[in-house]
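Asks: for reference, the sequence and a predicted model appear below.
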Amino acid sequence: MIHAYDKSYLSKTQRAMGDMLHFAAYDLKWDISKFYNAFISTGLAHSVETGTPAYTVGKSGYELAFEVYYRLTGSECEVSPVYVFEKSPEYFAGWSVAYYSWYTNTPFEKINRVTPITSIIDMYNPYHEMDITHFVEVIDARISAYNNEAQLKRLRKYAQLTQKMLAERSGVSQRMIEQYEQGRKELRHASAETAVRLASVLNCSVKDLL
């Protein structure tokens, strides 16, 4: 797997992301969803996720938060960080999402679309006590389900078909189509015959469907 940037930047980036979210929540007292959306919308997230040295190793988490604040408001942040040793759920979320973005080369915006940062914060128990690979597996599964749902549903709607109509024309049961669209079953694991039938009705290639 090709990672987002050199691994030598990873540990520092994880700590910075963790500190940034902790500082935003507890010192700046921002709504964490609004802050994280600002982190993404102001373009700072792109600089971090692509491994730009000035942001991955050049700034602390507090400085990243100051940068978000400045880009959003146009003024300098005058709040000083309160240093703590205990790692908060917000720190865990920043630390973990930084790892996942690096490991899978996935933008923060897409991760947040599938699993909002508040949901990742809620994963603190029990995942903060587990190896990071367990977190990766959970987010992988959610993104896979999201991709399956988005693609089949998008193609079906583009063809102006209901689930019932697609089922009748393809011979694939409506319940199965529903399960594919909701991510309870992965379409890429379906039989070749099922994929061909659906693609034929949707007037697309099997590759496009999967």
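Replies: Everything's here; your move.
Asks: alpha carbons only for contacts and neighbour counts from here, please
Replies: Noted.
Asks: show me what the helix or strand Thr133 falls within is packed against.
Replies: In this structure, Thr133 sits in helix 132-158 according to DSSP states H and E. Counting contacts by 3 or more CA pairs under 8 Å, 6 or more residues apart in numbering; DSSP states H and E, helix 132-158 is packed against helix 89-104, helix 108-114, helix 174-181, helix 206-209.
Asks: need the residues that contact the second one.
Replies: The one in question is helix 108-114. The set of residues external to helix 108-114 that reach it, using CA atoms under 8 Å, 6 or more residues apart in numbering, is 40, 45-46, 49, 97, 101, 139, 142-143, 146.
Asks: quick revisit: single out the most deeply packed of the helices and strands packed on helix 132-158.
Replies: The densest packing among those, expressed as mean neighbour count by mean count of other CA atoms under 10 Å, is seen in helix 89-104 with a mean of 23.
Asks: let me see the mean pLDDT of that helix.
Replies: Confidence over helix 89-104 (mean pLDDT, whole number) is 98.
Asks: that helix to helix 132-158, inter-axis angle?
Replies: Computed with axes from the mean of the first three to the mean of the last three CA atoms, to 10 degrees, the direction of helix 89-104 lies at 70 degrees from that of helix 132-158.
Asks: returning to what we had before: distance between the helix or strand just after the helix holding Thr133 and the chain's centre?
Replies: Sequence-wise, the next helix or strand downstream of helix 132-158 (DSSP H and E) is helix 163-170. Distance, stretch centre to chain centre, for helix 163-170: 32 Å (CA atoms, centre = their mean, to the nearest Å).
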